[in-house]
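S.K.: Any chance you can model this:
(one chain, ligands or ions: 1)
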Amino acid sequence: MKRILTVQDISCVGKCSLTVALPVISAMGVECSVLPTAVLSTHTAFKNFSCRDLTDEISPITEVFEKEGITFDCVYTGYLASKRQLSLVCGLAEKFGGSMLFVDPAMGDFGRLYTGFTHDFPREMASLCKTADIIVPNLTEACALLGIPYSEDFSDGEIRDIAKRLCHMGAKNAVITGYSTSENNLGVLKYDSTSDTFFSHLSERVRTKRPCHGTGDLFSSVCVGALMRGLSVDDSVSLAADFTAECVRHTENSPDSRWYGVNFEDMTETLLSMIKEKSINA
Ligand code: PXL
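M.R.: Predicted structure coming up:
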């Protein structure tokens, strides 16, 4: 069984980061080990949240992993709470068996950084992205990584240029999430620097009454799970985008949905049948 190490916070209530990664990756038949970066009461979109930074725990934990000879097939990073933490996380993939490094530079959305991040944080995140096999920023994060102003009105050519520039920083594949070519669709755009090719996957946009939280974390976790199950990058990002859209549709139609996250918990069977179908067709 493939084993991954995911490095992100645990928000006790919030349906994001580790409370998404653990159940989703485990359900996909992949062992999910964790390196928690911070403990929050609730994610930062709540009016109130407590946050205990766990940077000081990173070295003691990873030193034990090393002593025990534990290696990982993939290191998957998400929300990181401090700049010092970022520098400790750089190099982890190398340390643990030269495994795949998957970076979700979870820093913001809708043109704004999440509460708590300073304007210089994206520059530090960019140095982690440089060494990644795959990075999966949304457009807000992509602009922040490149240090360029965010716009709601980028042309398709400009978005493709952004994906290319992200790879010029060093990442092998840059996957822009929340990519769309019309009002009615939504999906992903991938640039692969090795083959100098683009790949896009779009599906019908699901209209929601409110912005959805935690969809980036769901996308990334499904994508990592699919990669570890042996799917190609293109199939993995397509599956992750389609499954995330299904979960958003389901959440929108559920009378008992909560504002702070999506109802992925009801959708395990859908996820497993989607991965089965993709594996058969691969
Ligand atoms: O969903 C990304 C995320 C992860 N972790 C924390 C967050 C957020 C987004 O707001 O606040 C703590």
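S.K.: All the helices of the stretch 151-282 of the chain, in order from the start?
M.R.: For the stretch 151-282 of the chain, applying DSSP state H, counting those that start in this stretch gives helices covering 156-168, 215-228, 233-253, 268-281.
S.K.: show me where pLDDT drops low in the stretch 1-150 of the chain?
M.R.: Across the stretch 1-150 of the chain, nothing is flagged by pLDDT under 70.
S.K.: Show me which residues of it are close to the ligand?
M.R.: Contacts of the stretch 1-150 of the chain with the ligand, taken as C-beta under 6 Å from any ligand atom, map to Asp9, Ser11, Cys16, Ser17, Leu40, His43, Thr44, Ala45, Tyr79, Ala106, Tyr114. Where you see a C-beta, it was placed from the backbone N, CA and C, and this is true even at glycine.
S.K.: Please identify the most buried of the helices of the stretch 151-282 of the chain.
M.R.: With neighbours taken as mean count of other C-beta atoms under 10 Å, the helices of the stretch 151-282 of the chain reach their highest mean count in helix 215-228, at a mean of 28.
S.K.: quick one on the thing from earlier: can you lay out the helices of the stretch 151-282 of the chain as a markdown table showing distance to the ligand?
M.R.: What follows is the helices of the stretch 151-282 of the chain, written out as a markdown table (distance: least, C-beta to the nearest ligand atom, whole Å):
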| stretch | distance to the ligand |
| --- | --- |
| helix 156-168 | 19 |
| helix 215-228 | 5 |
| helix 233-253 | 12 |
| helix 268-281 | 19 |
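S.K.: Just the buried residues of the residues of the stretch 1-150 of the chain next to the ligand.
M.R.: In terms of neighbour count (16 or more other C-beta atoms under 10 Å), the buried residues within those are Asp9, Ser11, Cys16, Ser17, Leu40, His43, Thr44, Ala45, Tyr79, Ala106.
S.K.: May I see these arranged in CSV, with secondary structure as well?
M.R.: Converted to CSV, these look like this (DSSP: H, G, I helix; E, B strand; the rest coil):
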residue, secondary structure
Asp9, strand
Ser11, strand
Cys16, coil
Ser17, coil
Leu40, strand
His43, coil
Thr44, coil
Ala45, coil
Tyr79, coil
Ala106, coil
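S.K.: which one of the residues you listed is nearest Met228?
M.R.: Ser17 (18.4 Å; C-beta to C-beta).
S.K.: Could you measure from that closest one over to Thr77?
M.R.: The gap separating Ser17 from Thr77 is 11 Å, by C-beta to C-beta, to the nearest Å.
S.K.: Need the residues touching each of the two.
M.R.: Residues touching both Ser17 and Thr77 by C-beta atoms under 8 Å, 6 or more residues apart in numbering: Gln8.
S.K.: ok, now which ones touch Gly97?
M.R.: By C-beta under 8 Å, 6+ apart, the residues touching Gly97 are Thr71, Phe72, Asp73.
S.K.: Just the C-alphas of the one helix or strand Gln85 maps to, formatted as CSV.
M.R.: In this structure, Gln85 is located in helix 83-89 according to DSSP states H and E. The C-alpha coordinates for helix 83-89 follow below in CSV (Å, rounded to 0.1, in the frame of the first residue of the first chain):
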residue,chain,number,x,y,z
LYS,A,83,7.5,31.2,7.4
ARG,A,84,9.8,29.3,9.7
GLN,A,85,7.6,26.2,9.2
LEU,A,86,8.0,26.6,5.4
SER,A,87,11.7,26.4,5.6
LEU,A,88,11.5,23.2,7.7
VAL,A,89,9.1,21.7,5.2
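S.K.: by contact count, what packs against that helix?
M.R.: helix 55-67, helix 121-129 (3 or more C-beta pairs under 8 Å, 6 or more residues apart in numbering; DSSP states H and E).
S.K.: Pick the most deeply packed of these.
M.R.: helix 121-129 (a mean of 20).
S.K.: separation between the closest residue to Thr215 other than its chain neighbours and Leu218?
M.R.: Nearest residue to Thr215, sequence neighbours excluded (C-beta to C-beta, 6 or more residues apart in numbering): Thr244, at 5.4 Å. Using C-beta to C-beta, Thr244 is found at 5 Å from Leu218.
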